[in-house]
Each structure stands twice: as C-alpha cells, then as structure tokens.
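Engineer: sequence plus predicted model, see below.
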Amino acid sequence: MAGIVRRQRFYFSSKELSLSQPKKLQPALWIIPDMTASYKASLTEYFEDLGMDPWARKPQTNTHVQKQKKKSVNKRLKYGHFGTLDPFATGLLPIGFGHGTKFGDLLPLQTKTYSARLQLGVATDSDDLKGKEIERGPSDWKMPSAEVVQALCEEHFLGDILQTPPMYSAIRVDGERAYKKARRGEEVKMKPRKAFVHDITSRIISPTVIEFDVTAAAGLYVRTVGSDLARKLGTCGHLIGLRRTAMGAVRLDSFGSNKALLMDLFDLFGQFPRVRSKYDLQTTCTRLAQSVSVAKMLDKRDTNLKPGTFATIYADDVPLCLIEFHPHGHSKIKLNFVPSTLLEMP
C-alpha cells in the first residue's frame, strides 16, 4: 500500500535520467543543469538530445474528441520554471511538468549558491557583459591582496545586507518590468531591498578579475554584489560570468554526465516537520478524500508548530499530504498525495 501512495499519482523518481530509459515524459519535477535564461529553447534542445519531445500534443482518439475538445486535445504539456536566471547566466534550473508545476513555492530550494566572475575597471549599465559600457575605473588602480578582498567581502556582503537592484531586472516598477523601461531609455529608480547572505568566498584570478562564490536566500542580486564589491575596492566592475551551482540540497556537481535529474519530491518533503494522524492509514486516506478538517486528524502531541509552518502528515509512516499549519483548526492542505485508487482497495 505504501508503494501505491508514493507512485500512483505523480510518477516521481529519484533515478538519474539516461538515454536508455523510456522516451515518455511523465508529470514531474526536473532539475536541469547548465540551463540558460532562454529556457524554452534550451529545454527543447535538452530533451531532443534525450529522444524526448516535451511539447508533443496529446493524441487525438477520435473525430468526436477532435471536434468537441479541440482546444484540450491540442494543448501542450503544461510546464514552468521555478526561479529565474539572468540572460548571460547558466546553471541549475528546476522545471515543473504537469503536476510538477504546483510545487515551486513549497520546495526547500530557496537557498542558492552562485559562482561569479567579476571584471574590474569597467562598469556597464546592466552590471554584466550584456550591457553598454558607462564608466571606467582609475587607470592607476591596482588589485589588493587576496586577504583584503576576502575581508571586504565578509565585512560588507555577509549576513543581512541592503542592496539596490540593477535597473535591468524583472522587478516591476509602476506595473511594468524594470528592464523594459530601461531598454526604452527611461530613467528607472530602483528601491533598496533587503537580502541575506549565508556565505561568501573570493579568489583572485588575474590583476583585473575576481571570482567569488556566494550562498544566499532567494532575492539576492549577484550582479549588484559584484558591482558593489568593485566600488569597495576603489574601482568599478561588472560580471562576465555567473553560474548557479546549487539550490538547497541539489548541487550541480551531483549530475555528472547526466543532462537532467528527476527529483523524488517525497524525499524533499521529508525535510518538513512530521505530524502524525491519530487514525490508521486507510481511515486517514478516506477522511482526506472526504475533505475532513485537518485539525480533527492531527495527533495533539505534534501540534506545537509555529503558525504558517509547512508540515507533512504521516499515517503508519506513509506521507499523505503537505499542510500549512495554523492553530485553532485553520490548517490548510497544500498538496494531497492520496490517490483515488487507494480508497477502492479492500
């Protein structure tokens, strides 16, 4: 029964994808390495290399279906990405297919690690190599020691920081993306935003180039970190390379030669606090299917969570649903793992 609960509905697997596997794309969450921001074209290329067509139309079964449900028949498989990448950046990008598109905000992938390369002495309007040159640093500037660079990183870019995002960003200003205004030559005033950096390390590559690795919560603009670091060093600069190397526990170096990885969401949900149902597995599944109040099912010994905490309900050590916990009977089900076929079993 546990196997049915885990596999029946969402088709998740932790196995790495290989060319020898079946050429059928199931609804799932995929983590793609070396993805560029133009992810639609890149994603098509990735899956074509694997002998798969993620955009294949659903098969037309008969004339009646073709006429009555033409819109549904011709609808392509729903997909979407979680987290954006700058146009010049590469690295990890989670892609959801089918049911997998529902999980973006719930996955513990918010902590991200980037490897960036900073060119010193030249500033651009976008803080990266795609922008136009707008400034040059002092001609007599010299690179300080590696110890000085690292000390500046830790002093100004560690913990809670305040940064002003670049105008070439997806932030909305007066209802429109800032980069669209910037491309039209309009003046865009960006407001400072808070960010949190867990770790930052730097290394000197050449007299005018620095590389740094930064791990931060969602919302950090690495381009701005590079630009601000250049100012702290007494010059200006822009990023000439940016690569997302980790998202939560998912690391780029874990892929090897694989072009994609299917994530086992049940393993990811295991990182949330566990709460037990006071009923057995069959009874809990039935009550979940009948939309019985979550509060009436929870074991009182596990209800000391903070309001708003995500938690997974278990019955007989089987994960059944993910909830957003609130006291006084207001907990909400975010994801229900229980398949309808389980209720039909004796």
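Structural biologist: The structure has been received and is ready for your questions.
Engineer: domain ranges for this structure?
Structural biologist: Partitioning the chain according to automatic domain parsing yields domains covering residues 2-108+255-267, 112-247, 272-343.
Engineer: weakest of these by average pLDDT?
Structural biologist: Least confidently modelled of those is domain 2-108+255-267, at a mean of 52 by mean pLDDT.
Engineer: and the lengthiest strand in the chain, what's buried?
Structural biologist: Within the chain, and with DSSP state E defining each element, the longest strand by residue count is strand 193-206. With burial defined by 16 or more other C-beta atoms under 10 Å, the residues of strand 193-206 counted as buried are 195, 197, 200, 202. (Each C-beta comes from the backbone N, C-alpha and C, glycine too.)
Engineer: for residue 293, state which of these is nearest.
Structural biologist: Of all these, residue 293 sits closest to residue 195, with 38.7 Å by C-beta to C-beta.
Engineer: how about the contacts made by that closest one?
Structural biologist: Residues touching residue 195, when contacts are defined by C-beta atoms under 8 Å, 6 or more residues apart in numbering, comprise 160, 161, 162, 163, 216, 217, 219, 220, 221.
Engineer: let's see which of the residues you listed end up in strands.
Structural biologist: Those of the contacts of residue 195 lying in strands (DSSP E): 160, 161, 162, 163, 216.
Engineer: those: which two are farthest apart?
Structural biologist: When those are compared pair by pair using C-beta to C-beta, the maximum separation belongs to 162 and 216, at 13.4 Å.
Engineer: which one of the two has more residues nearby?
Structural biologist: The residue with the greater number of neighbours, taking residue 162 and residue 216 and applying other C-beta atoms under 10 Å, is residue 216; the counts read 23 against 8.
Engineer: check contacts around that one.
Structural biologist: For residue 216, counting by C-beta under 8 Å, 6+ apart, the contacting residues are 111, 112, 114, 195, 196, 197, 198.
Engineer: do residue 196 as well
Structural biologist: Residue 196 makes contact with 159, 160, 161, 216, 217, 220, according to C-beta under 8 Å, 6+ apart.
Engineer: go ahead and confirm the first one touches residue 194.
Structural biologist: No: using C-beta atoms under 8 Å as the test, residue 159 is too far from residue 194 to be in contact (11.0 Å).
Engineer: which residues in the stretch 151-300 of the chain form helices?
Structural biologist: Counting by DSSP state H, counting those that start in this stretch, the stretch 151-300 of the chain forms helices over residues 178-183, 222-232, 265-269, 281-289, given from the N-terminal end onward.
Engineer: residues of the last one that come out buried?
Structural biologist: Right, helix 281-289. Residues 281, 284, 285, 287, 288 are the ones in helix 281-289 that count as buried (16+ other C-beta under 10 Å).
Engineer: wait, which of the residues you listed is closest to residue 227?
Structural biologist: Top of the list for closeness to residue 227, among the buried residues of helix 281-289 and by C-beta to C-beta, is residue 288 at 50.2 Å.
Engineer: so the closest one touches residue 321, yeah?
Structural biologist: Yes: the pair formed by residue 288 and residue 321 meets the contact definition of C-beta under 8 Å, at 6.0 Å.
Engineer: follow-up on the earlier one: nearest to residue 169, out of the contacts of residue 196: which one, please.
Structural biologist: Of all the contacts of residue 196, the one with the least separation from residue 169 (C-beta to C-beta) is residue 220, at 11.9 Å.
Engineer: contacting residues around residue 110?
Structural biologist: Contacts were defined as C-beta under 8 Å, 6+ apart; by that measure residue 110 touches 217, 218, 248.
Engineer: which of the residues you listed are buried?
Structural biologist: Listed as buried from those are residue 248; burial here means 16+ other C-beta under 10 Å.
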